[in-house]
Structure formats: C-alpha cells, structure tokens
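A.B. asks: Pasted the sequence and its predicted model underneath.
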Amino acid sequence: MCTVIVDAADAASVRLLAVRDEDPQRDWDEPGAWWPESHPGVIGIRDRRAGGAWLAANPAERRLAVLLNRADVLDLPADQALSRGSLALESVMGRSPVAPERMHGFNLLEVRPEGARVLSWDGATLRETPIEPGTHMIAHDDLDDEETPRIAAWLPEFRSLGPTSASADWRAEWVGMLAASARLSPEDDRAIIRDNRPHGYPTQSLLYCTASVSDRGIDLDYHALPTPAHWAAPTS
C-alpha cells in the first residue's frame with residue numbers, strides 16, 4: 001500500500017517522493033551500502049527480515065528503483081513464494097524482472113538513464129508502463145489510476161504545483177503537500193500517510209524519501225516518521 005509521486009522532465013531527469021507502508025514490527029535499516037559483495041555500489045533501505053530493499057539506488061549508473069506491492073491472481077502459498085525484496089536491488093544493477101515470476105504481485109518503479117517506467121506483475125502478466133513527461137502517482141494498482149482514492153484526491157494537487165524543474169525548492173513544495181494530505185485521518189482511504197489496518201492490512205506509513213535522478217547523479221533524502229501513520233514535520 002505504498003505511494004510514489006514522480007515527476008519526469010525527460011528521460012534523464014526524474015524527481016520523486018516515495019512513502020513506505022509496512023508492518024511496524026518489521027525492522028528496517030536507513031539508506032546505506034548494505035550489500036557490498038552482492039550489489040557493489042548500491043545503497044538502499046534494507047529489510048532486516050528478508051535482507052532485500054524497498055528502495056535502492058546505484059548512483060554510479062544513475063539507476064533507482066522502488067517496490068510497491070499489488071494484488072495478484074497467483075495461487076501460491078506464502079512459504080513457496082520468492083521474496084520481492086530482490087527486485088529493486090537487481091533493477092539498479094540493470095537486471096529487470098522477467099515473467100513468469102514465483103512472486104506475489106508488485107509494481108516496480110524503475111528510473112534509468114534510458115527513461116523511467118513501471119513494471120507491473122499480477123501473477124499472470126508482466127506489463128510495462130513508460131513514465132511520460134509530467135507528474136504521476138502510483139500505489140497498489142496502475143499508474144495514475146483514478147480508482148485509487150488517494151490518487152484521485154492528490155494527483156491533481158501535486159500537478160497544480162507545476163514542474164519540479166521550474167521550482168526553486170521542489171522538495172519543500174512536495175513535502176508541504178504531503179503534510180497537507182496528512183490532515184486527513186490516516187484511516188481515510190484518500191490518505192497518503194496511512195493506517196491500513198481498517199482496510200485489512202497490518203501496514204502503516206513508516207517513512208518517506210525524496211530523490212532526484214539526473215545526469216549529475218542521485219540525491220536521496222530520507223525521513224522516518226517518529227510514530228507510524230502520523231505525520232511530523234522534518235527536523236532538517
């Protein structure tokens with residue numbers, strides 16, 4: 001139930017805001033080079049339980065990837081499914097998923113020098129959706145899906161800010177919009193900072209990142225929420 005807002009100026013310049021929803025009992029590590037042997041040069045937010053990453057970046061290759069779960073039609077017991085945590089790590093090494101996958105459903109946002117895209121797996125089909133220039137939003141269904149209440153509510157608001165390339169401080173503007181969205185109850189299905197338990201999932205919003213990917217490299221900023229599913233202004 002994570003959320004990502006992404007603005008693409010062109011293939012080589014992408015900025016994004018990513019909010020992670022996860023079970024608060026599932027520990028994680030803030031961005032770091034946690035995989036020096038298997039994925040040299042990669043930094044990311046590590047899931048301690050499975051060892052994979054929700055978000056990963058390869059600054060030298062100007063690659064970044066974010067993993068979002070989605071529903072699937074796969075009749076596969078959880079103990080037989082492969083972890084999705086490898087997807088972002090492999091992506092930023094230039095190895096994208098290929099169907100079929102013994103994994104439950106996902107949306108994988110890939111930012112690459114040749115252009116950004118979303119790879120969507122529903123257990124039967126792996127689809128590619130290019131990220132066209134402009135501001136877009138994705139959660140647990142398709143890109144810019146107006147049937148997703150938070151996208152219907154907030155994508156027009158982010159678009160109203162205009163291109164990030166024209167902003168003197170796009171991060172402050174986008175985080176300000178995230179703060180505005182947090183005036184909603186975290187249990188409201190329009191909320192970006194979320195408590196998903198009333199919707200049948202044990203996950204809550206735990207952290208958010210902003211990132212800029214350009215021909216100058218990757219600039220990644222990380223903030224953990226002090227209390228799950230509740231907004232707090234960044235301290236720095």
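C.D. replies: All right, it came through fine.
A.B. asks: Identify the residues contacting Leu68.
C.D. replies: Cys2, Thr3, Val4, Phe106, Asn107, Leu108, Leu109, Ile138, Ala139, His140 (C-beta atoms under 8 Å, 6 or more residues apart in numbering). C-betas here are computed from N, CA, C, even on glycine.
A.B. asks: Save those as TSV, and put in neighbour count too.
C.D. replies: Putting those into TSV (neighbours: other C-beta atoms under 10 Å) gives the following:
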residue	neighbour count
Cys2	25
Thr3	26
Val4	23
Phe106	23
Asn107	24
Leu108	22
Leu109	27
Ile138	27
Ala139	23
His140	20
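A.B. asks: can I get the residues you listed in TSV with secondary structure?
C.D. replies: Shown next, in TSV, are the contacts of Leu68 (DSSP: H, G, I helix; E, B strand; the rest coil):
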residue	secondary structure
Cys2	coil
Thr3	strand
Val4	strand
Phe106	strand
Asn107	strand
Leu108	strand
Leu109	strand
Ile138	strand
Ala139	coil
His140	coil
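A.B. asks: what's the closest of those residues to Pro59?
C.D. replies: Leu109 (17.1 Å; C-beta to C-beta).
A.B. asks: what about the chain, any weak spots by pLDDT?
C.D. replies: By pLDDT under 70, the low-scoring segments of the chain are 236.
A.B. asks: then stretch 87-104 to CSV, C-alphas only?
C.D. replies: Presented in CSV, the C-alpha positions along stretch 87-104 are these (Å, rounded to 0.1, in the frame of the first residue of the first chain):
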residue,chain,number,x,y,z
LEU,A,87,13.6,-6.7,-7.3
ALA,A,88,14.8,-3.2,-6.5
LEU,A,89,18.4,-4.4,-5.9
GLU,A,90,18.6,-6.3,-9.1
SER,A,91,16.9,-3.5,-11.1
VAL,A,92,19.5,-0.9,-10.2
MET,A,93,22.2,-3.4,-11.3
GLY,A,94,20.5,-3.4,-14.7
ARG,A,95,18.6,-6.7,-14.3
SER,A,96,14.9,-6.2,-14.5
PRO,A,97,12.4,-8.9,-13.7
VAL,A,98,11.3,-11.3,-16.5
ALA,A,99,8.0,-13.2,-16.4
PRO,A,100,7.0,-15.6,-15.1
GLU,A,101,8.0,-14.8,-11.5
ARG,A,102,7.3,-17.0,-8.4
MET,A,103,6.4,-13.9,-6.6
HIS,A,104,3.3,-12.2,-5.5
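A.B. asks: How far away from the center of its chain is it?
C.D. replies: 15 Å (C-alpha atoms, centre = their mean, to the nearest Å).
A.B. asks: residues of that stretch that come out buried?
C.D. replies: Leu87, Ala88, Leu89, Glu90, Ser91, Val92, Met93, Ser96, Pro97, Glu101, Met103, His104 (16 or more other C-beta atoms under 10 Å).
A.B. asks: Out of those residues, name the two that are farthest from one another.
C.D. replies: Greatest spatial distance among those (C-beta to C-beta): Met93 and His104, at 22.1 Å.
A.B. asks: in the protein, which spans are helices?
C.D. replies: 86-92, 149-160, 170-181 (DSSP state H).
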